[in-house]
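Asker: Sequence and predicted model, in that order:
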Amino acid sequence: MRNNYGINHIMNRDGVYYYIRRVPCDLSDFYAIKRLCFSLKTKSINTARRLSRSIEQKLEDYWLGLRLQNLDIPQIKVSSKPKNTLDQDDVSLSDALELYLKLKGQGKDQVFFRTAKRNNVKNILICSSTSSTNPIPPVSIKNELDHWSDEKEQCNSKKYTSAAKTYMEKAAFKFCNENNLRLSVFLPTGLYGPAILPEHLKHNPFLWIKSVLEGGPPRHQRVPNDSASLIHLQDLAKLFLTAYEIPSASGRYFGVLESFHWNDIYKECQKLIPDMQMPEPMSEDPVAPTQFDFKRRDSLGIKIRDFPTIMRETVEWIKSKPF
């Protein structure tokens, strides 16, 4: 017996679930087949959905790498000349801009291109992540000014996305200091509230909350003994706008309400969705959530929604089927 596969790319064959997905047309040269099909080795629909989401994310990352191979990226020339000199063959900022527009500009309107090409910008805001504030050894209370992650250690731990954010911040501060630009960097994690694009529903936390609303599995099979930071998207936007409008604002700012243990996150969600599937409870004593020094964040004067309100507004927004 076979069932047609849908948005989860799952097919049931004789009681066992398979992952099935067509190879994108622009990547057909990399494959000798037209579609991928392999067993998920489970008869549980919930397990199959969870595995499918994990495979989908890994495939998207892999396919992005293949697409980048087909791009005509300017070669970076290793030169013995002083760093402040440029040869005609060296990569310029304009080359970098054109590459950025080629990678990120697909489907964007003209406002995106006009904004990117403006050359009179003096005030810059960047969205990074709290993952750039994890020093070694760890500290009991993190602050934005003193605590930095080590990007080399992050790469060694295969935390490449986190390493990229740490490196990006350091490079941005160096560039802005050298060019007399005002830079404000916000460090959020766990964006809740109303998402902006339909594709955001394919990512957490929206993905797992939508799953439990529809009777599916939660994000974790067992409650992890760990914490997660979060903030409402609209509150984060207010922080950005305030930093832009206040001339004295600059530097790094935490963009989170605070950090909560996953046990508390699931319990709060269950208050809003009483019949939701819950992960298996943990047996050990819960670790303390990550602690932050919020003096700089609070100096911007933005009142941030509390935890129950953030969860309630997120669940209500997903229930409204906005897209």
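Answerer: Nice, thanks for sending it over. Numbering: from 1, shown residues only.
Asker: rest of the way, CA atoms for contacts and neighbours
Answerer: Will do.
Asker: From residue 67, how far off is residue 24?
Answerer: 11 Å (C-alpha to C-alpha, to the nearest Å).
Asker: how would you label residue 253: helix, strand or coil?
Answerer: strand (DSSP: H, G, I helix; E, B strand; the rest coil).
Asker: Hmm, residue 313 is touching residue 209, no?
Answerer: No - Residue 313 lies out of contact with residue 209 (C-alpha atoms under 8 Å); the separation is 11.9 Å.
Asker: okay, the two: which has more neighbours?
Answerer: residue 209 (25 against 16; other C-alpha atoms under 10 Å).
Asker: can you tell me how far the more buried one sits from residue 271?
Answerer: Distance from residue 209 to residue 271, by C-alpha to C-alpha: 13 Å.
Asker: and residue 126, helix, strand or coil?
Answerer: Quick answer, by three-state DSSP: residue 126 is strand.
Asker: part of a strand, is residue 210?
Answerer: No - with three-state DSSP as the criterion, residue 210 is located in helix rather than a strand.
Asker: where's the closest residue in space to it that isn't next to it in sequence, which helix or strand?
Answerer: With sequence-adjacent residues excluded and distances taken as C-alpha to C-alpha, 6 or more residues apart in numbering, residue 210 is closest to residue 318, at 6.5 Å. Assigned by DSSP states H and E, residue 318 belongs to helix 307-319.
Asker: And for residue 230?
Answerer: strand 227-232.
Asker: now swap in residue 239 and tell me
Answerer: Going by DSSP H and E, residue 239 is in helix 233-245.
Asker: Surely residue 22 and residue 36 touch.
Answerer: Yes - contact status for residue 22 versus residue 36: in contact at 6.2 Å, counting by C-alpha under 8 Å.
Asker: Show me whatever sits in contact with both of the two.
Answerer: Here residue 22 and residue 36 have no joint contacts, going by C-alpha atoms under 8 Å, 6 or more residues apart in numbering.
Asker: residues of the strand holding residue 230 that come out buried?
Answerer: 227, 229-232 (16 or more other C-alpha atoms under 10 Å).
Asker: same question, stretch 205-213
Answerer: Quick answer for stretch 205-213 (16+ other C-alpha under 10 Å): 205-213.
Asker: Noted, bye for now.
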